[in-house]
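**Q** Here is my input; please provide its structure:
(one chain, ligands or ions: 1)
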Amino acid sequence: MLRFICTLLFIFITFQTQGWGFYGHQKINEHAVYLLPPQMMVFFKPHIRYLSVHAPDADKRRYIIADEGPRHYIDLDLFGNYPYAHLPRRWEDAVAQFSEDTLLSRGIVPWHVMRTYKLLINAFEEKNATKILKLAADLGHYISDAHVPLHTSHNHNGQFTNQHGIHGFWESRVPELLAEGEFDFFIGKAEYLKYPEDYIWNRILESNLACDSVLLFEKNLSEQMRKDTKYAFEERNGKVIRQYSAVFTRNYHEQLNKMVERRMRMAIFSTASFWFTAWVNAGQPDLSILIKDGIETNHEELEKINNAWQSGKAMLGRQED
Ligand SMILES: [Zn+2]
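**A** Modelled structure (predicted):
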């Protein structure tokens, strides 16, 4: 019996260790394509599957690349109080003030978004189809992580407030249950970002402000609902797992005034706008000539990443367990 419970617990824990969840990341990159202007759509639309399938690659890389972990979050609350005016927004200034080691230990997502964005501009300038798609997929991933409130908090999995598991609940369980049938993905068009650095910091500050509600409503609801209605055992990929029940999930979503949907929509808009801005700042290269270029896939590397992800723990950075 004990072994059975341990197995269930293990499955429950491993289920919730993935950024927005693979599903969320894939949806965000996919929907972002539809916000692009025709000059970009001509190249991005034929590769929409690539952008979606490879959206979670950055999370998988945490299992084989030591530097990958801190790129997905920032523990802003370790830098004082909102709006963290003493934390320099530019990487060089932040390093000078806090040291690179300190920053890496607290997460570097805003700076890594900017780094990936600049590499994407270079890829557009080089008109390198493979690089453009790989970097666009990664950029969408990091931007999306920056929109998740608990990716900006030291209490990233409710471990200090006795709310263990809330991380995966917010970013995986809610969208996986509700996005397909109920989220509104009509978002409009990508916009040119005059100040991309300010833009991503503002999204991160928004995420950080939302942390209180993310935690508070889960706590309130847990007190209101009986424990046996909070969780449910459901089959997933042939395995029985314990997860937050559908009724608890729906209640939480409504109490948060659809925050998960709002953040997901914003992540889609931000991703498309960053892709668009990178293309404009690269001089609006003609992407129609790239369609004929095949995408070079490093199958060996992908297999390594997939195997490591399926079998192990992330090398560095934290797990949401
Ligand atoms: Zn991530």
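
**Q** quick one: the strands in the stretch 201-321 of the chain?
**A** In the stretch 201-321 of the chain, the segments counted as strands under DSSP state E, counting those that start in this stretch are 231-236, 239-244.

**Q** could these go into JSON lines alongside mean pLDDT, distance to residue 23 and mean neighbour count?
**A** Glycine gets a C-beta too; all of them are placed from N, C-alpha and C. Below are the strands of the stretch 201-321 of the chain laid out as JSON lines (pLDDT from 0 to 100; distance: least, Cβ to Cβ, whole Å; neighbours: other Cβ atoms under 10 Å):
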{"stretch": "strand 231-236", "mean pLDDT": "84", "distance to residue 23": "12", "mean neighbour count": "12"}
{"stretch": "strand 239-244", "mean pLDDT": "86", "distance to residue 23": "14", "mean neighbour count": "18"}
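
**Q** would you list these in CSV and tack on distance to the ion?
**A** Below are the strands of the stretch 201-321 of the chain laid out as CSV (distance: least, Cβ to the ion, whole Å):
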stretch, distance to the ion
strand 231-236, 21
strand 239-244, 20
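
**Q** CSV please, covering those and showing distance to residue 208.
**A** Below are those laid out as CSV (distance: least, Cβ to Cβ, whole Å):
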stretch, distance to residue 208
strand 231-236, 28
strand 239-244, 24
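
**Q** residues contacting the residue nearest the centre of the chain?
**A** The centre of the chain sits closest to residue 145, judged by Cα atoms, centre = their mean, with a distance of 2.8 Å. By Cβ atoms under 8 Å, 6 or more residues apart in numbering, the contact set of residue 145 is 19, 20, 72, 73, 109, 151.

**Q** same thing with residue 58?
**A** 19, 68, 71, 72, 138, 141, 142.

**Q** ok, which stretches of the stretch 1-150 of the chain are helices?
**A** 2-15, 21-33, 38-44, 48-53, 57-61, 91-98, 100-106, 109-126, 129-146 (DSSP state H, counting those that start in this stretch).

**Q** Redo the ones you listed as JSON lines? Include distance to residue 214 and mean pLDDT.
**A** JSON lines is the format used below for these (distance: least, Cβ to Cβ, whole Å; pLDDT from 0 to 100):
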{"stretch": "helix 2-15", "distance to residue 214": "19", "mean pLDDT": "42"}
{"stretch": "helix 21-33", "distance to residue 214": "15", "mean pLDDT": "94"}
{"stretch": "helix 38-44", "distance to residue 214": "32", "mean pLDDT": "95"}
{"stretch": "helix 48-53", "distance to residue 214": "26", "mean pLDDT": "96"}
{"stretch": "helix 57-61", "distance to residue 214": "20", "mean pLDDT": "93"}
{"stretch": "helix 91-98", "distance to residue 214": "26", "mean pLDDT": "97"}
{"stretch": "helix 100-106", "distance to residue 214": "19", "mean pLDDT": "97"}
{"stretch": "helix 109-126", "distance to residue 214": "17", "mean pLDDT": "98"}
{"stretch": "helix 129-146", "distance to residue 214": "15", "mean pLDDT": "97"}
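
**Q** what would the ones you listed look like in CSV with distance to the ion?
**A** As requested, the helices of the stretch 1-150 of the chain are arranged in CSV below (distance: least, Cβ to the ion, whole Å):
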stretch, distance to the ion
helix 2-15, 15
helix 21-33, 7
helix 38-44, 21
helix 48-53, 15
helix 57-61, 4
helix 91-98, 19
helix 100-106, 16
helix 109-126, 8
helix 129-146, 4
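
**Q** how about those helices, which one is nearest residue 254?
**A** Ranking the helices of the stretch 1-150 of the chain by proximity to residue 254 (Cβ to Cβ) places helix 21-33 first, at 19.1 Å.
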